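**Student:** Have a look at this prediction, sequence included:
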Amino acid sequence: MTTRQRGAGTNQEGVRRHNLGTLLRHVHRTGEISRAELTSLMGLNRSTIAGLVGELAELGLTEHADPATGSAGAGRRTAGRPSAGVRVVDAGPYVVAVDLGVDRAVVARVGLGGRIAERAEAAINEDTEAWQVGAAVAALVRHVVSWAPEHAPLLGIGISVPGLVRRTDGLVRQAPNLGWRDVSFGSIVLAALDLDVPVRLGNDADLGALAEHHRGAGVGIDDLIYISGNVGVGAGVITGGVRLQGAGGYAGEVGHMNFDPRGPLCHCGSRGCWETAVGAHAIAAAVKSPADQVVRLGEVLDEITAPPRELRPIAASIGRGLADVVNSYNPSLVILGGYFQPLFRLMRSEVTAGLAERTMAPALESVRLAVPGLGADSVLLGAAEIALEPVFADPVASLATAITDARSRLAG
């Protein structure tokens, strides 16, 4: 009499689903990839890869691509018959990504491969309460979902917030520039939609770093920092290829490093934070931009063609503050997002001089400054990435909980 090993079937099924998710992640990152490359990347034989590809196709996640047409494999052909390719399905499952700013919300329908299929935007007035913001975001979600292919599965919603987001449950602990404290914004949006779908929240700088690492300026770089300029200042940190979030999810609040102990009072309660020297209010005051234009500082700076003399001290302060960040984290790349992007274009030499002035020589030798490879969509695509995470963990389970009639349920 033989005894079946307990859990063997379950473990085998778990391994299969893990492999499905891993393969799907590779296709998602590249958009299209050959089976030969998948075999090499995953260390599995060709027949196993073929079986996984076939199952993902049956699930409606991927489809066949002609040999040697994929961007990932086009430059690495091998001898013999070209390997068939795999690509994401354009009309397949999707997520909704929300980039919540201080003055506006951008919402997009994003498919596998990071393709933005539809987007909508709405202004957010000052002092608007969280439930009103949630209602506005829900209206934008309804709009982008209304253009989705019929019966395409909605996998989830990802939301970026300019504030401290608790990693365990997505509670917005503090968002000073929105006037929020301990707000369950994900629940507010779901209540406004009257829909039960997975929702994930993250800090805007963290999500900007994630997206740039996966498909922007930081592809192939495992140690990078994304600096967000969105009225306030924050940082998303990737170290060793992994997001650095901290015990509660609040890592990267570099805007509140002590920069000048005798400086102005910061909204956080401390004095002389880096944000008081290089934040939107300080920059707007330097270029004499009206107070009501602070939230659109990036657009104001985009319109400036010659480097303003008034910005030189601030640009130097940006570089000096970045020196503390570089000395602390030793990144290979620092990406300047938000309003720092046009400012860096105008004042590159002053920023780099400030960086060189205070960075330790070994750390300075290995770092470079850059602007986002994804332009203004870094944070938005980062929100999409966290919403897609469950489908890479277990494609079968994620699709089982997806909503296939979201378009009809959200109509009107």
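**Tutor:** The structure has been received and is ready for your questions.

**Student:** which residues touch the closest residue to Gln341 other than its chain neighbours?
**Tutor:** Nearest residue to Gln341, sequence neighbours excluded (C-beta to C-beta, 6 or more residues apart in numbering): Val371, at 4.8 Å. In this view, the C-beta of every residue, glycine as well, is placed from N, C-alpha and C. Residues near Val371 by C-beta atoms under 8 Å, 6 or more residues apart in numbering: Ala217, Ile335, Leu336, Gly337, Gln341, Phe344, Arg345.

**Student:** repeat that for 7 Å
**Tutor:** Ile335, Leu336, Gln341, Phe344 (C-beta atoms under 7 Å, 6 or more residues apart in numbering).

**Student:** quick one: it and Tyr339, what's the gap?
**Tutor:** 12 Å (C-beta to C-beta, to the nearest Å).

**Student:** In the chain, spot the helix with the most residues.
**Tutor:** Counting residues, the longest helix found in the chain (DSSP state H) is helix 8-30.

**Student:** Would you list the strands that whichever helix or strand comes after it pairs with, along with their directions?
**Tutor:** Using DSSP states H and E, the helix or strand that follows helix 8-30 in sequence is strand 32-34. Strand 32-34 has the following strand partners under DSSP bridges: strand 85-88 (antiparallel).

**Student:** Pull out the buried residues from the longest helix of the chain.
**Tutor:** 17, 19-30 (16 or more other C-beta atoms under 10 Å).

**Student:** Relative to Val86, how far out is the spatially closest residue to Arg87 that is not a sequence neighbour?
**Tutor:** Once flanking residues are discounted, Arg87 sits nearest to Glu32: 3.8 Å by C-beta to C-beta, 6+ apart. For Glu32, the distance to Val86 (C-beta to C-beta) stands at 7 Å.

**Student:** Could you do Gly111 as well?
**Tutor:** In terms of C-beta to C-beta, Gly111 sits 15 Å off from Val86.

**Student:** Provide a list of residues in contact with Ala192.
**Tutor:** Ala192 neighbours (C-beta under 7 Å, 6+ apart): Gly134, Ala135, Ala138.

**Student:** helix or strand for it, which one?
**Tutor:** Applying DSSP H and E, one finds Ala192 within helix 185-193.

**Student:** what packs against the helix or strand just after that helix?
**Tutor:** Downstream of helix 185-193, the first helix or strand assigned by DSSP H and E is strand 199-203. Counting by 3 or more C-beta pairs under 7 Å, 6 or more residues apart in numbering; DSSP states H and E, the packing neighbours recorded for strand 199-203 are strand 154-161, strand 164-165, helix 185-193, helix 378-393.

**Student:** hmm, who's touching the first one?
**Tutor:** Spelled out, that is strand 154-161. Residues contacting strand 154-161 (C-beta under 7 Å, 6+ apart): 93-100, 145, 172, 175, 185-186, 189, 197-204, 207, 379, 382-384, 386-388, 390-391, 398, 402-403, 406.

**Student:** ranges for the strands of the stretch 201-350 of the chain?
**Tutor:** 224-230, 232-239, 242-244, 333-336 (DSSP state E, counting those that start in this stretch).

**Student:** Compare those and give me the one nearest Leu297.
**Tutor:** Closest to Leu297 of those, according to C-beta to C-beta: strand 224-230, at 7.7 Å.
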